[in-house]
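> Predicted model, plus sequence, below.
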Amino acid sequence: MSSESTAILDDYKYGFYTDIETDSVPKGLNEDVIRIISEKKQEPEWMLEWRLKAYRWWLKQQEPKWAHLEYPPVDFQDICYYSAPKKQSENPDEIDEELAATFEKLGVPVHERNRLAGVAVDAVFDSVSVATTHRDLLEEKGIIFCSISEAIREHPELVKKYLGTVVPYTDNYYASLNSAVFTDGSFCYIPKGVRCPVDLSTYFRINALDTGQFERTLIVAEESSYVSYLEGCTAPSRDRNQLHAAVVELIALDDAEIKYATVQNWYAGDKEGKGGIYNFVTKRGHCRGKNAKISWTQVEAGSAITWKYPSVIMEGDNSSGAFYSVAVTTNKMQADTGTKMIHVGNNTKSTIVSKGISAGKSINSYRGLVQVMPDAANCRNYSNCDSMLIGGECSANTFPYIESENSSAVIEHEATTSRVSEDQIFYLKSRGLSEEDAISMVVNGFAREVFKQLPLEFSVEAIKLLEMKLEGSIG
Amino acid sequence: MSEALLEAQAVDTLPGFDETLFAAIQAEPQPEMLKRKREEAFKDYLQIASPTNRDEEWRRTDPALFPIAEVKRLATLPQVDALPAGPSDDEFDVVIAVQADGFAIMRNNDTPEKLGITISSLAEAAEQQPELVEHYLQGKALPATSGKFEAFNDAFWNVGFFVHIPEKVEWERGLLIRYHITEPDSLLAPRLVVVAGRNSRAVIAEHLESADDIRFVAVPERELYVDESANFKLVSLQEWGAQSYQITNDWGLVQRDANLNWITLNFGTTRSKMKFGSDVAGPGSAADMDGIFFASGDQHMDQRTLQIHSSPDTYSRLLYKGAVKDIGRSVYQGLIIARPGAIRVDAYQTNNNLVLDNGARADSIPGLLIDADDLKCSHGSTIGNLDPEQLFYLRSRGLDEEAARRALILGFFEEVIDRIPQAFIRDIVHRNIEAKMES
């Protein structure tokens, strides 16, 4: 790996590049690359077989084009599918100093001295997981929280049982690609009746140039268990586009609850739309048992292109799904994001709250599906999708799909698109606030309903992120 | 030449609607201008790929559902002097009656003549005022890129009408267009071009019927031009028979300070795919679009509405109310489009659906496509059954279950029915809803 840094400077706070030695496979994708990845991860035979099946399926698929997005074709042969920091120390509790410093700079507490933060962290750097904290505490409760590669080695029976059961490798183009080449991600298993005492968190960072990150996260909550999971992501500022195609699968059994929160701040490209991450992600939760609950909360503030629809399949009776989202697009960012709520069981409930904020020359689209199956009685959905426009050159679109095949379903959908209210800005300015502060206050109020779903520290961070993003986009 | 180019040049015709049929139509005596227009449309028709259920717009209504191959285009309809009168003909100044073997334009009085209003077949209008008709035919009301069935109608239409209301004319009693088709295995492609001149005011009602025991396909197209400060109202009541099919493409273009009021009432057909689009294209213009649809038995109704705002300071409001019962299926797909620069726009879109039986299905896909700021665009969509509390209340007041349900369903539609200006149409709508509830 060359040490030359092509990182470019701009306002993106996390745009630095860490110069470390990496172990990468050559660019390009073929069966051999997949075999190398599998071998490097010391995976069992069945895992490799699965990857190869996914790859062969992927070869037959076409890239989806239906989203309201425009970007040049991705050259899948010009991507490096595996990149790992070279110096992996013998002692798994110690991580490379340079890496530690990187995560320190990002504000991720990889060393446990940050116990106060009350968060167990798994940090993923390019393609491998570099550190997982709070292991003892979690082990006591029987919770498994480790990188997915480790889980494949240590808990193959669990991974085999659940992997690909929510998002099969045949699901869609990017999910197939991910299934073939996924490198790291987190695995979480919460045993029966356990309430996870700390928030679990994974921090993803793409560092190397021309690397794709293909993480795979699998969370299984056994009967009557509870877990709250946070995910954060950043990447260096570069003038070339990088691909991120993750798959996240959540499985909640009887009476279990999973809360999944993401603060996505991948590098979004510069003001002219050069560079940035292509974020093509498949996230899906499956309420497999009765009374199960899954909620997605996302703050989408980065990425040049976002294609992401965290969904919930409510199969168990009385289960519920929720989706809370704030998506901010500025400059030339494009986002096509939303959710799918599939009601299969009786008395299932779903809530969708989506707040889109578009500024600059960006395009921000909400796309969602609410589907009630013919045999699902007494289902309820409420959706609210609001868009706010800042500046005259951006667009905001809403494409909700509502399909009801059961007469007992009650579905309500509401969406509005409007400009930042001039009256509100005027009032705040008359009270002595600057225009920027006033807008930031109005925007925060607009997104509050979603922010309050986040754990406190994340919520504070999300508000700051929003302010930072919108800085200078007013006027 | 590259393969892609070759492919693009391949012709794509619907079964039976090919060069041979078109040549026969062009050989009929008709004004030169119409002939030319048909020719242009036919070229488009050959180029545009036939839709498949892989296209987003047709994903929920497979084009293969429409038996185009099994029906024959009715020969271009001749004009006759008179056809049997209808029960509500007296309420209008002029009535156009259309049957498979011909159409008649029947004038009840000379008001339109005195006001200078043109009501004639497209052919006659094209002969007398070729420039005026050409200006509006396939004009700007239609989207820049037309679809397969728009081009189909433009090339193969077999009956067409041109209505022109001159400047400052207030036409109180208006026009009724009645269709009654009894010819089995036939296809009718009617066209209607309406021009409401500056500061004019007018109303047109349409009543579409066909026999229940015949297979029949209708591919209508309407172009509505509402000029500056005009006020135009169209009420379209569709009761095609139980074995009929319909694919419509209707467009309205609304100029500065003008107002289009458009009500569509859909009860008939076994399968239908309808598109209603309005463009408020001048500052101060407004479009009100209301609709009722009710799919019972195994009916399948697919409606797409477009509220296009291509000018600043424009207003649009849409309310579509639908019900599905038995194994009926409805699709409502609506889009509000604010073009770049369309600021100070106020647009609202509501779609309410009643799903009355398990097995019935309603899809609601409201949408917003906004490329301007400083505006307010919203949509609201609901799907549900009758409110059990309201049912309980009515029953506690002594109504039986059936009567309570009927009252609630009629109440649900009343918001739209109220806006229908003609009492006899309101009655027919009530009858239709009651019949569907009882079936």
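Now that the structure is in, tell me what you want to look at. Numbering: from 1, shown residues only, chains lettered A, B, ... in the order given.

> And chain B, what are its domain boundaries?
Domains of chain B are assigned by automatic domain parsing as B:11-386, B:387-439.

> out of these, which comes closest to chain A?
domain B:11-386 (3.9 Å; CB to the nearest CB). For the C-beta atoms, the positions are set from N, CA and C on the backbone; glycine is no exception.

> how much distance is there from stretch A:293-308 to the middle of the chain?
5 Å (CA atoms, centre = their mean, to the nearest Å).

> So what touches stretch A:285-292?
A:165-166, A:221, A:223, A:249-258, A:260, A:293-294, A:296, A:310-321, A:345, A:348 (CB atoms under 8 Å, 6 or more residues apart in numbering or on different chains).

> Please disregard the earlier target; I meant stretch B:150-158.
For stretch B:150-158, contacts defined as CB under 8 Å, 6+ apart pick out B:14, B:17, B:21-22, B:25, B:37-38, B:40-42, B:44-45, B:48, B:73-77, B:122, B:138, B:142, B:146, B:188-191, B:219-221, B:249.

> Could you do stretch B:381-396 as well?
Residues contacting stretch B:381-396 (CB under 8 Å, 6+ apart): A:400, A:402, A:404, A:407-414, B:332, B:350-356, B:362, B:364, B:366, B:401, B:403-405, B:407-409.

> Can you report how many residues lie near residue A:201?
Neighbour count for residue A:201, taken as other CB atoms under 10 Å in any protein chain shown: 25.

> now it, which residues is it bridged with?
Assessed by DSSP bridges, residue A:201 has beta-bridge partners residue A:121, residue A:230.

> what separates it from residue A:300, distance-wise?
Per CB to CB, to the nearest Å, residue A:201 is found 18 Å from residue A:300.

> Mean pLDDT and mean neighbour count added to the domains of chain B, as CSV?
Formatted as CSV, the domains of chain B follow (pLDDT from 0 to 100; neighbours: other CB atoms under 10 Å in any protein chain shown):
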stretch, mean pLDDT, mean neighbour count
domain B:11-386, 93, 20
domain B:387-439, 94, 15
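
> Out of those, which is closest to residue A:137?
domain B:11-386 (46.4 Å; CB to CB).

> Mind jotting down where the helices sit in the chain?
Since no chain was named, I'll use chain A. Per DSSP state H, chain A has helices spanning A:31-40, A:45-59, A:97-106, A:135-141, A:148-154, A:156-162, A:173-181, A:422-430, A:435-451, A:456-470. These are given in chain order.

> My question was about chain B, not that one.
B:3-9, B:19-27, B:32-47, B:111-115, B:122-128, B:130-136, B:148-156, B:388-396, B:401-417, B:423-438.

> Would you format those helices as a markdown table with distance to residue B:254 included?
Output for those, formatted as a markdown table (distance: least, CB to CB, whole Å):
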| stretch | distance to residue B:254 |
| --- | --- |
| helix B:3-9 | 35 |
| helix B:19-27 | 32 |
| helix B:32-47 | 23 |
| helix B:111-115 | 22 |
| helix B:122-128 | 22 |
| helix B:130-136 | 14 |
| helix B:148-156 | 19 |
| helix B:388-396 | 37 |
| helix B:401-417 | 20 |
| helix B:423-438 | 23 |
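
> closest one to residue B:200 among those helices?
It's helix B:111-115; of these, that one is closest to residue B:200 (CB to CB) at 9.3 Å.

> Put the alpha carbons of that closest one into CSV.
What follows is helix B:111-115, C-alpha atoms only, in CSV (Å, rounded to 0.1, in the frame of the first residue of the first chain):
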residue,chain,number,x,y,z
THR,B,111,-77.6,29.5,-27.0
PRO,B,112,-74.2,28.1,-28.1
GLU,B,113,-74.7,29.5,-31.5
LYS,B,114,-75.5,32.9,-30.1
LEU,B,115,-72.5,32.8,-27.8
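
> ok, the residue of the stretch 51-200 of chain A found nearest chain B to residue A:178 distance?
Closest contact between the stretch 51-200 of chain A and chain B, by CB to the nearest CB, is at residue A:66 (6.7 Å). Distance, residue A:66 to residue A:178, by CB to CB: 19 Å.

> any chance of the domains of chain B in JSON lines, plus distance to residue A:83?
As requested, these are exported to JSON lines (distance: least, CB to CB, whole Å):
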{"stretch": "domain B:11-386", "distance to residue A:83": "38"}
{"stretch": "domain B:387-439", "distance to residue A:83": "58"}
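
> Leaving out sequence neighbours, find the closest residue to residue B:324.
Closest residue in space to residue B:324, ignoring its immediate chain neighbours: residue B:360 at 3.9 Å, by CB to CB, 6 or more residues apart in numbering or on different chains.

> Now do the same contact list for that neighbour.
A:405, A:407, B:295, B:324-329.

> Pipe those residues into TSV and attach distance to residue A:456 per row.
Listed next are the contacts of residue B:360 as TSV, based on distance: CB to CB, whole Å:
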residue	distance to residue A:456
A:405	41
A:407	43
B:295	50
B:324	46
B:325	50
B:326	52
B:327	51
B:328	50
B:329	47
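
> For residue B:232, state which of those is nearest.
residue B:295 (28.8 Å).

> hang on, that closest one packs against residue B:329?
Yes. Look at residue B:295 against residue B:329 with CB atoms under 8 Å: they come within range, at 6.0 Å.

> Can you pull the residues that touch both of those two?
Joint contacts of residue B:295 and residue B:329 (CB under 8 Å, 6+ apart) are B:301, B:360.

> Please report how far the nearest residue to residue B:162 once chain neighbours are set aside lies from residue A:298.
Leaving aside its chain neighbours, residue B:162 sits nearest to residue B:125 (3.8 Å; criterion: CB to CB, 6+ apart). From residue B:125 over to residue A:298 the distance is 58 Å, taken as CB to CB.

> What of residue B:42?
Relative to residue A:298, and taking CB to CB, residue B:42 is found at 51 Å.

> rewinding a little: so what sits opposite the residue nearest to residue B:324 in the bridge?
Bridge pairing for residue B:360 - DSSP bridges - gives residue B:358.

> try residue B:235
residue B:205, residue B:263.

> How about the residues of chain B by chain A?
B:56, B:340-341, B:343, B:353, B:355-385 (CB under 8 Å from any CB of the partner chain).

> Pop out the phi and psi values for residue B:298.
Backbone torsions of residue B:298, given as degrees, to the nearest 10, read phi -110, psi 30.
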